[in-house]
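> Sequence plus the predicted model coming up.
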Amino acid sequence: MPNYFPIMLDVRGRRALVLGGDAVAAQKAASLAASGADVIVQSQQFCPQLLALAGQQRVSLRQKAYEAGDLAGAFVVVAATGDVQFARALWEEARANGQLINIVDMPTYCSFILPSVLRRGQLTIAVSTEGASPGLAKRIRQQLEDIFPSAYDAYLCLATLARAHLRSAGVPYDQRDAFFGDFFASEILNQLAGEEHAQAVASTVELLRAYGVDVAASVLAAEFEEEQAHVNTHR
């Protein structure tokens, strides 16, 4: 039986506390900030990556050693430390507060673990070995990068727009599901990978019409361009 229940956690606008000042802490802080968390990093010293994140106003720095009570107010706590005694103190405080906590490479002191993640726009693929071998999880994720190229970003964007038109036209769920079977089997992803965006839009319009949804290519192209601009602005 698996030891963990996989979920996607919404941390937007929630306080995330990262304890540690090295490159590992910087990686965790950057990931949380990219997901919209209000990130505070606490340590006595900070690596260049963390100073850069603070300079970009992506995280806030709290320069001090840990004391009991420092976890107050955090929705999620992540610590990069090899100190077992420190990890145990954090674990006990977080458990008493009912907080989610992850101590990097110490699954004994984790209420959740962080998978190796591949993101392609709205597509998120998480690979986990349940803490048994994070290095292996990372290499599996790297293999998946070739299977899911960067064009999936635009591909998911176009699929989202198509779904909106299908729903607006009242196309029932089973037919929408069939549409995406055809969408997946089409050349649209290859067209986007080849930077043939106009052709990808035209192919989507043709497929929508096959399901009784009449939308002008110019309309879908404008929506696609607007959505892509919105995504790029918020990266």
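In hand now; what should we look at? Every value quoted in this text rests on a predicted model; they were computed, and no experiment measured them.
> Show me what the least confident helix or strand in the chain by mean pLDDT is packed against.
When each helix and strand of the chain is scored by mean pLDDT, DSSP states H and E, helix 217-233 comes last, with a mean of 85. The criterion is 3 or more CB pairs under 8 Å, 6 or more residues apart in numbering; DSSP states H and E, and the helices and strands that helix 217-233 contacts are helix 152-168, helix 197-210. Yep, even glycine has a C-beta here, placed from its N, CA and C like the rest.
> Taking helix 197-210 as reference, get the angle to the longest one.
Between the axes of helix 152-168 and helix 197-210, defined by axes from the mean of the first three to the mean of the last three CA atoms, to 10 degrees, the angle is 30 degrees.
> Tell me the first helix or strand C-terminal of helix 152-168.
The helix or strand immediately downstream of helix 152-168 is helix 173-185, counting by DSSP states H and E.
> How far off centre is that next one?
Helix 173-185 sits 25 Å away from the centroid of its parent chain (CA atoms, centre = their mean, to the nearest Å).
> what comes up buried for whichever helix or strand comes after that helix?
On the C-terminal side of helix 173-185, the nearest following helix or strand under DSSP H and E is helix 188-193. By 16 or more other CB atoms under 10 Å, the buried positions in helix 188-193 come out as 188-189, 191-193.
> Where does pLDDT dip in this structure?
1-2, 231-235 (pLDDT under 70).
> do that again at 90, thanks
Where the chain drops to pLDDT under 90, the residues are 1-8, 105, 107-108, 113-124, 128-135, 146-149, 227-235.
> what's the closest non-adjacent residue to Asp70?
Among residues not flanking Asp70 along the chain, Gln42 sits closest, at 6.5 Å (CB to CB, 6 or more residues apart in numbering).
> That neighbour contacts Ala16, doesn't it?
No - contact criterion CB atoms under 8 Å: Gln42 and Ala16 do not qualify, at 11.2 Å.
> thinking again about what came up before, tally up the residues packed near the residue nearest to Asp70, please.
The number of residues packed near Gln42 is 24, by other CB atoms under 10 Å.
> List of residues touching whatever helix or strand it lives in?
Gln42 is part of strand 38-43, with elements assigned from DSSP H and E. Strand 38-43 is contacted from outside by 13-21, 25-26, 29, 32-33, 50, 53-54, 58-64, 66, 70, 74, using CB atoms under 8 Å, 6 or more residues apart in numbering.
> give the contact list for the residue of the chain positioned farthest from its centre.
The C-alpha centroid of the chain is most remote from Gly212, which lies 34.2 Å away (CA atoms, centre = their mean). By CB under 8 Å, 6+ apart, the residues touching Gly212 are 169, 171.
> And it, how far from Gln175?
Counting by CB to CB, to the nearest Å, the separation of Gly212 from Gln175 is 8 Å.
> can you check Ala29 too?
Taking CB to CB, one finds Ala29 at 44 Å from Gln175.
> want to try CSV for the helices and strands packed on helix 217-233, with mean neighbour count and distance to Leu118 as columns?
Formatted as CSV, these follow (neighbours: other CB atoms under 10 Å; distance: least, CB to CB, whole Å):
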stretch, mean neighbour count, distance to Leu118
helix 152-168, 19, 9
helix 197-210, 18, 22
